[in-house]
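>>> Show me how the following folds:
(one chain, ligands or ions: 3)
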Amino acid sequence: MSSEPIFHVALRGDELLNAPRFNKGTAFTVEERKSFGLTGRLPSKVNTLDEQCERAYQQLQSHESPIRKNSFLQSLKSQNLVLYYTLLTRHLRELMYVLPNDPSVIYTPTEAQAISEYSHLFRRSEGLYLTFPNADSMEDDFLEQTKGKNIDLIVCSDSEAILGIGDQGVGISSAKSVIYSLIGGIDPSQTLSVVLDVGTENEELLNDHLYVGWPHKRIRGEEYDQFLDKFVQLVRKYFPQSLLHFEDFGVTNAQRILKRYKDTHAVFNDDIQGTGAVTLACTMAAVGVTKSKLSEQRYIIYGAGSAGLGITRQLRDAIVSADGVAEEEANKLFYLIDKHGLIKQSLVASGNVREELKEFVRPDEEWEGVEGEVGLLDVVKRVKPTVLIGCSTHAGGFTKEVVEAMKEGCERPIIFPLSNPSKLVEVDPKDANDWTQGKALLATGSPFPPAKMPTGRTMCIIAECNNALIYPGLGFGAIISKSRRMTDTMIIAGAQRLASLSPALKDPDEGLLPDFADAPEVNVEVAVAVAERAIEEGSADVSWTKAEARERILRHLWRPQYGKYVYDKEGMM
Ligand SMILES: NC(=O)c1ccc[n+]([C@@H]2O[C@H](COP(=O)([O-])OP(=O)(O)OC[C@H]3O[C@@H](n4cnc5c(N)ncnc54)[C@H](O)[C@@H]3O)[C@@H](O)[C@H]2O)c1
Ligand SMILES: O=C(O)C[C@H](O)C(=O)O
Ligand SMILES: [Mn+2]
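Ligands and ions are numbered 1, 2, ... in the order given. Below is the predicted model:
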């Protein structure tokens with residue numbers, strides 16, 4: 001007999017069919033139809049989940065463009081969660097990764113389009129919308145939405161810096177939250193996605209009468225901080241053991257907010273820490289291929305925003321802890337470039353450098369002889385970096401001259417153009433591969449097809465260095481160990497585990513990071529490493545030991561399945 005779980009459910013009739021978490025559609029059995037008042041509400045055939053999946057896949061295929069497919073899946077999600085996640089799980093490679101001419105449907109880059117067209121594609125609300133003028137009712141709204149739920153994970157965004165496409169007013173939290181369930185195995189009914197609507201500077205949205213967000217200029221300063229703090233305190237009060245994930249906040253808020261709360265709750269900024277972790281893993285794999293150390297590299301970070309600083313700090317911290325280099329010495333390995341050129345002393349004087357970048361400022365003396373701003377090509381030529389990482393949103397910023405200069409400076413340049421979505425990539429990896437005669441070690445932020453090699457091996461796999469390859473596991477590791485903080489050391493442990501799974505370490509012709517199709521297994525490993533570390537360092541709040549982490553994680557992984565329903569008026573709703 002099957003070990004189908006039994007659920008006690010209090011909903012009946014249309015209410016049950018309209019609850020995506022419980023709806024099974026035509027898969028309700030004859031018995032269930034009788035006890036839940038569904039016999040007359042469904043056609044007679046009882047389908048299996050397999051048959052429903054086959055039908056849903058056919059319907060999905062009938063939509064031609066990725067954005068239509070994305071909308072179809074969004075509708076499916078609002079109808080039947082188990083079917084939605086089953087379909088995604090079975091077609092993970094195709095829907096999450098890239099086919100030759102078809103970009104990822106549910107994530108970057110199609111999700112960027114879905115967010116920018118949010119108000120026009122809008123059909124049904126999901127999660128919690130906290131809008132600035134409704135701040136007075138925030139606690140009631142929060143409780144109304146979370147009543148009876150045991151929330152482990154809250155993903156929030158104020159949408160100021162969505163990917164590289166800027167201020168979108170509302171959007172992203174639910175797409176990031178889906179990845180936690182799909183790849184990380186976190187039960188979707190224990191997650192909450194939150195839109196923090198504090199207005200927008202996006203004129204196009206403000207002038208669009210169909211815009212569904214609050215049509216007002218962005219709130220800033222003290223009022224913004226109070227609004228955000230009210231929300232964070234609700235999370236701490238009602239779900240003290242939850243993980244609070246921040247996504248796509250603007251550069252002036254991201255680091256500041258993380259710093260404010262990191263010692264009082266398990267908070268995580270994906271663009272800073274998730275990106276830092278996945279890029280550290282990818283760089284570790286690349287230096288593994290070149291048989292060198294992190295501390296033996298010279299790094300250019302092109303774009304010193306949230307991701308740029310997160311990556312720099314993560315790499316620096318790993319150099320200090322793994323290679324035993326003093327922090328000040330490690331800082332000197334980095335050259336940060338932003339829109340006004342290299343971050344050096346005279347730029348600080350002109351007020352163009354954020355406080356948090358100060359430890360990475362280069363001395364002016366280094367650049368004597370270069371007039372005005374020091375550009376990327378100047379730095380590449382003079383410094384001969386071995387690693388070039390892009391998180392600038394500057395499409396095409398790594399020109400042929402820059403890439404060729406990288407190759408002149410070292411045998412196997414490590415080049416990661418990480419800006420998303422695909423159209424903002426600093427260099428098409430195919431070009432970088434050609435311009436370096438296949439010598440560059442490449443990874444991108446959005447999925448790209450393999451590049452053809454000029455000689456030797458036929459294909460070069462382009463690793464997808466996207467935080468989604470690691471944040472679900474980092475999050476699960478923190479949640480399962482009931483950690484009250486997400487510490488830097490827990491993140492480094494996750495990144496090291498991910499690096500150890502790099503296919504390129506076994507065969508240098510393979511990708512630097514595992515394929516996204518393997519992301520669920522990879523994230524189990526990451527979660528184990530994080531939970532083990534949390535227990536070891538005392539951040540965890542559980543009675544079990546480090547040796548039990550794997551078994552606990554495997555036992556708690558959520559995977560979509562219907563189960564058998566029994567009507568119970570005291571049951572779930
Ligand atoms: N691959 C990933 O997992 C991942 C994760 C996070 C962010 N990203 C991508 O990285 C990019 C930046 O994201 P963010 O959150 O750091 O945004 P951000 O706004 O915080 O940072 C962007 C920075 O780039 C700078 N910049 C703009 N034009 C530039 C130019 N021509 N030359 C040099 N610097 C320039 C900006 O001044 C800013 O400091 C986005 O495209 C985002 O999608 C990728
Ligand atoms: O959303 C992504 O694809 C990665 C990252 O968080 C980003 O902001 O680009
Ligand atoms: Mn992001």
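>>> contacts and neighbour counts: CA atoms only from here.
Will do.
>>> for Leu206, what are its contacts?
Shown in contact with Leu206 (Cα atoms under 8 Å, 6 or more residues apart in numbering): Thr200, Pro215, His216.
>>> Would you map the strands across the stretch 401-550 of the chain?
414-417, 441-444, 451-452, 459-460, 463-464 (DSSP state E, counting those that start in this stretch).
>>> swap that for the stretch 201-350 of the chain, sorry
243-246, 266-269, 299-302, 334-338, 341-342.
>>> CSV for those, including mean neighbour count, distance to ligand 1 and mean pLDDT?
Converted to CSV, the strands of the stretch 201-350 of the chain look like this (neighbours: other Cα atoms under 10 Å; distance: least, Cα to the nearest ligand atom, whole Å; pLDDT from 0 to 100):
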stretch, mean neighbour count, distance to ligand 1, mean pLDDT
strand 243-246, 24, 11, 98
strand 266-269, 26, 10, 98
strand 299-302, 26, 5, 98
strand 334-338, 23, 3, 98
strand 341-342, 22, 7, 96
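>>> Tell me which of those lies nearest to Ser159.
With respect to Ser159, and counting by Cα to Cα, the nearest of those is strand 243-246 at 10.1 Å.
>>> other SSEs contacting the closest one?
strand 153-157, strand 266-269, helix 471-480 (3 or more Cα pairs under 8 Å, 6 or more residues apart in numbering; DSSP states H and E).
>>> switch the cut-off to 6 Å
strand 153-157, strand 266-269 (3 or more Cα pairs under 6 Å, 6 or more residues apart in numbering; DSSP states H and E).
>>> circling back to that earlier point, pipe the strands of the stretch 201-350 of the chain into TSV and attach distance to Gly369 per row.
TSV is the format used below for the strands of the stretch 201-350 of the chain (distance: least, Cα to Cα, whole Å):
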stretch	distance to Gly369
strand 243-246	43
strand 266-269	40
strand 299-302	20
strand 334-338	18
strand 341-342	14
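>>> Make CSV from the ones you listed and add distance to ligand 3 to it.
Output for those, formatted as CSV (distance: least, Cα to the ion, whole Å):
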stretch, distance to ligand 3
strand 243-246, 9
strand 266-269, 9
strand 299-302, 17
strand 334-338, 19
strand 341-342, 24
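>>> out of the contacts of Leu206, who's nearest Asn433?
Of the contacts of Leu206, the one sitting nearest to Asn433 (Cα to Cα) turns out to be Thr200, at 39.3 Å.
>>> State the number of residues packed around the residue nearest to Gly274 when sequence neighbours are not counted.
Spatial nearest neighbour of Gly274, excluding adjacent residues (Cα to Cα, 6 or more residues apart in numbering): Asn467 at 5.0 Å. A count of neighbours around Asn467, defined by other Cα atoms under 10 Å, yields 19.
>>> same check, this time on Tyr57
Around Tyr57 there are 16 residues (other Cα under 10 Å).
>>> From Ala330, how far off is it?
51 Å (Cα to Cα, to the nearest Å).
>>> ok, how many other residues are close to the closest residue to Gly409 other than its chain neighbours?
Once flanking residues are discounted, Gly409 sits nearest to Lys384: 4.7 Å by Cα to Cα, 6+ apart. Counted with other Cα under 10 Å, residues neighbouring Lys384 total 20.
>>> Same list (the contacts of Leu206) but as CSV, adding neighbour count.
Shown next, in CSV, are those (neighbours: other Cα atoms under 10 Å):
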residue, neighbour count
Thr200, 23
Pro215, 20
His216, 17
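>>> for Ser177, helix, strand, or coil?
helix (DSSP: H, G, I helix; E, B strand; the rest coil).
>>> how far away is it from Ala266?
Ser177 is 16 Å from Ala266, by Cα to Cα.
>>> Next: Ser35.
In terms of Cα to Cα, Ser35 sits 43 Å off from Ala266.
>>> just Gln273 next, same as before
13 Å.
>>> Would you check that Leu557 makes contact with Gly185?
Yes - applying Cα atoms under 6 Å, one finds Leu557 in contact with Gly185, separated by 4.7 Å.
>>> higher neighbour count, the two?
Neighbour count, other Cα under 10 Å: between Leu557 and Gly185, Gly185 has more, with 24 against 16.
>>> tell me the pLDDT at the more buried one?
With respect to pLDDT, Gly185 scores 97.
>>> for ligand 2, what are the nearby residues on the stretch 451-573 of the chain?
Asn466, Asn467 (Cα under 6 Å from any ligand atom).
>>> Check the offset of stretch 481-489 from the chain's centre.
In terms of Cα atoms, centre = their mean, to the nearest Å, the gap separating the centre of stretch 481-489 from the centre of its chain is 18 Å.
>>> can you list contacts of it?
Gln241, His265, Ala266, Ala531, Ser539, Ala540, Asp541 (Cα atoms under 6 Å, 6 or more residues apart in numbering).
>>> Can you pull out the low-pLDDT segments for the chain?
Residue ranges of the chain with pLDDT under 70: 1-2, 98-101, 455-458.
>>> tell me the domain boundaries of it?
6-106, 125-249 (automatic domain parsing).
>>> got the residues of the stretch 101-250 of the chain near ligand 2?
Residues of the stretch 101-250 of the chain lying near ligand 2 (Cα under 6 Å from any ligand atom): Thr108, Ile162, Leu163, Asp248.
>>> Please repeat the previous calculation with a cut-off of 8 Å.
With the criterion set to Cα under 8 Å from any ligand atom, the stretch 101-250 of the chain comes near ligand 2 through Tyr107, Thr108, Pro109, Ala161, Ile162, Leu163, Gly164, Lys176, Glu247, Asp248.
>>> Can you narrow these down to the ones near ligand 1?
Restricting these to those near ligand 1 - Cα under 8 Å from any ligand atom - leaves Ala161, Ile162, Leu163, Gly164, Asp248.
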